[in-house]
Each structure stands twice: as C-alpha cells, then as structure tokens.
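Engineer: Would you be able to build a 3D model of this:
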Amino acid sequence: MNINLSMRFFNALKMVTSITLDNKLGGIATSLLAYSKALNLREIEHHVILPSDATIIKELSKIPNVTIHKVAKLCLKFHLSTRFIFSARLKNTLSSAKLLLVHNAKIFSAVSKISQKCALINHSGKLRGTNHSLINIFITHAGKQRHESTYPQSIATNYVVNHGFDIAEGTEPLIKIKDNSDLNIISAGRFVKKKGFDDLLKAAKILEEKGIAFCMKIFGDGELKNTLAESIKNLKLQQVQLMGWSSDLKREFLNGDVFCIPSHMEPFGLIMGEAMLAGLPVISTKTDGALDIFGEKDTENRGGILVDIASPDSLAEAIEKLLDREKRESMAKNAYENIKTNFNLRRLADNLHQIIHE
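Structural biologist: Model prediction:
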C-alpha cells in the first residue's frame, strides 16, 4: 500500500460525515453542533454536507474538527437524485467516511448505497424510513421500542443515542429561589396543537380559581397564537402572558422558578435540558423524551415531575407541589446533576465511538 493510500485509509478511520437538507434552526441543527463537539473530544473529523443557506453554518465553523461542504439546496437535491455521479468530491466525502450520518429520512435511500456504514438518525420519533437493513439511531428508548414492535422482522441494527449537552467544566447551576411569594413559571415552544399549551392554560385557570399567586410566561409563536390569546381572554386569566419568541431563552430561564412542558408528543425535548442546566426543576408530560430524561420512578430525584398527557388537573397539581421552596431547590439541583452526569458530550462521544467501531 503506498503512502497516499495509507494516509487516506488512516483519515477514513477518523472521519464521520453528516448530510442534511435542513437549513433552519431546530433539532437537527442542534444535533449537528452537539455531534461535532462530541466527535472533537475523540479527535474525529466531522464533515457536514448541508444547504449553503443553513443557519447553523456560522456556529459549525467555530468547531475545529468540522469541515463544511456548502451546496445550494437545489443543487444538493440534484446530486441526491443522481447519486452524486456529477460531484466526485461530495461522493468521496460520503463513501470514505467511517460512519455516514443521515439526518433526513427522505434522503436515506439516495446515499445509503454510497457508504459502507450508513445510519439514519430518527430525530422525529416517527418511524418513516426506519425499516431497512442498515443502521437506525433513535434519540429515545421509546422510539427504538416502537420501531421494533412495528417491524419485528426488521434486520436493521438499532441504537439509542440521547442528545448531549455542552456543559462547561467547573460550572454550577445558577439556582435562584426568590423570596417573593409568586411562583415564576416558564414554558416555551411552537404554538401548535401537539405542544399542549391549551392544557397549560386550563391548568392555570384551576390555579387562579384556588387563589394561588403565580406568574406564567409562555414563549413561542405559531399557528395557534391567536387561538391561545383568545383562550386567555375567555378564561379570564390574569397571571398568564404570551411572550413571543425570545432571542435569549437561557436568560429567561434564570428569571424563572419552574419550567413546564405540556406536550402531547416530544421526540426528546432539548429545551428541557437547557432549562435543567439553568437550574430549573421541570414539570413535563410523559412523552418519549421526558421518560428518557427522568425515568418512570423517582423522577423528582432526577429533577422532574411527570404527569399524564392532556391532563390539566395533573399539571395544576404538579405546579402546586412546587410552591414548596425547599422542594424546588432540591429538584433544581437534581435536574442540573442529571443533565451533567447522564446527558453530557462525553457520553454522546462514547456512544458515537461505539457505533463507529462496532
């Protein structure tokens, strides 16, 4: 084997490639950042093929192990449709990777035959495209179990790789339990039906009718914005505000006491982890992500209270529990330690390393 071939072989052993058509902020963009940082801990190159207008490019470019391959979205779709026969550079980037991570189910078949080791990352929790003969990476155990139950004859190799959060060394949560009597409740997300904000408003009504002092701020936007505003008016809620999107949600977390996420469906719940890192205890419905983060038993020891989906009464009851200052402070510390211990970049790096070399 000559020197050039030897170097190419060596570099391939330390190279992972990701490909996506996604160009917006969201779960895929966040994952690309987390995967890049995790792979950097293992000194593994991460080549990322993505649309040239992707909002995450600037942040990705700051990570030393990342090589960005920007392609106009229409051109990238063309190359996918032609299996990259008109771009030797991109095809080589796909074929020479030790592991190819595909972040969109609809493009998996176009690239799966190019790479020797190709994995579909199941970001959504839905099972579209997961019945194949290669690798599935699920972000929760519930997603993996749902796949195996739906496709019992599937020969795919399935892994669970939870999200990893970037936790600065030596940092501690800024847990600020305020002396005032009002409980500051933070919630955030897209204003769509599956996020369950209507249930949260009904829970707020229950609390107001009991004369409980609280302040609830709901950050976000979406198709149900006007509907939720009308519900606040019809329910005559005095202690609830729709805030719109925040450019710095982490700062808002530091002004809160509790984070509440009433979703009917949540693939993982990245926002829960961010709230927990800011020192907030979490009230969540029993979605896929919440069950992986908090488990099913002793959830308060992991920083959360889990309630049934679409149950305003249970949400209100959980909020009442956290009127207890000592309980909030204890759960806030547990929440931070849970993320720091179980959902850090080092663990994500170990999981990816296992898939690469197994």
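
Engineer: Just checking: what are the partner strands of the helix or strand containing Ala119?
Structural biologist: Taking DSSP states H and E as the definition, one finds Ala119 inside strand 118-122. Paired strands of strand 118-122, with direction, are strand 99-102 (parallel), strand 135-138 (parallel) (DSSP bridges).

Engineer: So for Gly303, which of those sits nearest?
Structural biologist: Among the strands paired with strand 118-122, strand 135-138 comes nearest to Gly303, with 22.9 Å by CB to CB. Every residue, glycine included, has its C-beta placed from N, CA and C.

Engineer: Centre of the chain to that closest one, how far?
Structural biologist: Mean-position distance between strand 135-138 and its chain equals 15 Å (CA atoms, centre = their mean, to the nearest Å).

Engineer: sorry, back to before: which among the strands paired with strand 118-122 is found nearest to Asn338?
Structural biologist: The closest approach between Asn338 and any of the strands paired with strand 118-122, judged by CB to CB, belongs to strand 135-138 at 20.1 Å.

Engineer: shaky segments in the stretch 151-300 of the chain?
Structural biologist: Residue ranges of the stretch 151-300 of the chain with pLDDT under 70: 169-181.

Engineer: at 50 instead, please
Structural biologist: Counting by pLDDT under 50, the stretch 151-300 of the chain contains low-confidence ranges at 170.

Engineer: Now for the residue nearest the centre of the chain: which residues touch it?
Structural biologist: Central residue of the chain (CA atoms, centre = their mean): Leu270, 3.5 Å from the mean position. Contacts for Leu270 were tallied using CB atoms under 8 Å, 6 or more residues apart in numbering; they are 27, 30, 163.

Engineer: most neighbours, which of those?
Structural biologist: Scoring those on neighbours with other CB atoms under 10 Å, the highest-scoring entry is His163 at 24 neighbours.

Engineer: Against Phe78, how distant is it?
Structural biologist: In this view, His163 and Phe78 are 32 Å apart by CB to CB, to the nearest Å.

Engineer: Give the partner strands of the helix or strand hosting Ile283 in its sheet and their orientations.
Structural biologist: Under DSSP H and E, the secondary-structure element containing Ile283 is strand 282-285. Looking at strand 282-285 with DSSP bridges, its paired strands and their directions are strand 258-261 (parallel), strand 304-307 (parallel).

Engineer: what residues does the helix or strand following the last one touch?
Structural biologist: Toward the C-terminal end, the helix or strand that comes next after strand 304-307 (DSSP H and E) is helix 312-321. Helix 312-321 is contacted by residues 183, 185, 199-200, 202-207, 210, 212, 214, 258, 260, 262, 283, 305, 307-308, 327 when judged by CB under 8 Å, 6+ apart.

Engineer: Three-state assignment for His243, please.
Structural biologist: If you look again at residue 243, you'll see it is Met, not His. Met243 carries the three-state label strand when classified by DSSP: H, G, I helix; E, B strand; the rest coil.

Engineer: dump the residue contacts of the nearest residue to it once chain neighbours are set aside.
Structural biologist: The spatial neighbour of Met243 that comes closest, neighbours along the chain excluded (CB to CB, 6 or more residues apart in numbering), is Phe219 at 4.7 Å. When the contact criterion is CB under 8 Å, 6+ apart, the partners of Phe219 are 186-188, 243-246, 249, 252.

Engineer: Including neighbour count, could the residues you listed go into TSV?
Structural biologist: Supplementary listing: the contacts of Phe219 in TSV, determined by neighbours: other CB atoms under 10 Å:
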residue	neighbour count
Ile186	26
Ser187	25
Ala188	22
Met243	14
Gly244	10
Trp245	11
Ser246	15
Leu249	16
Glu252	19
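
Engineer: Looking at the residues you listed, spot the one nearest Leu99.
Structural biologist: Minimum distance to Leu99 across the contacts of Phe219 is 32.0 Å, recorded for Leu249 (CB to CB).

Engineer: For the residue nearest to Met243, give the beta-bridge partners.
Structural biologist: Those that pair with Phe219 in a beta bridge, by DSSP bridges, are Ala188, Gly244.

Engineer: Against Gly189, how distant is it?
Structural biologist: As for Phe219, its distance to Gly189 is 8 Å (criterion: CB to CB).
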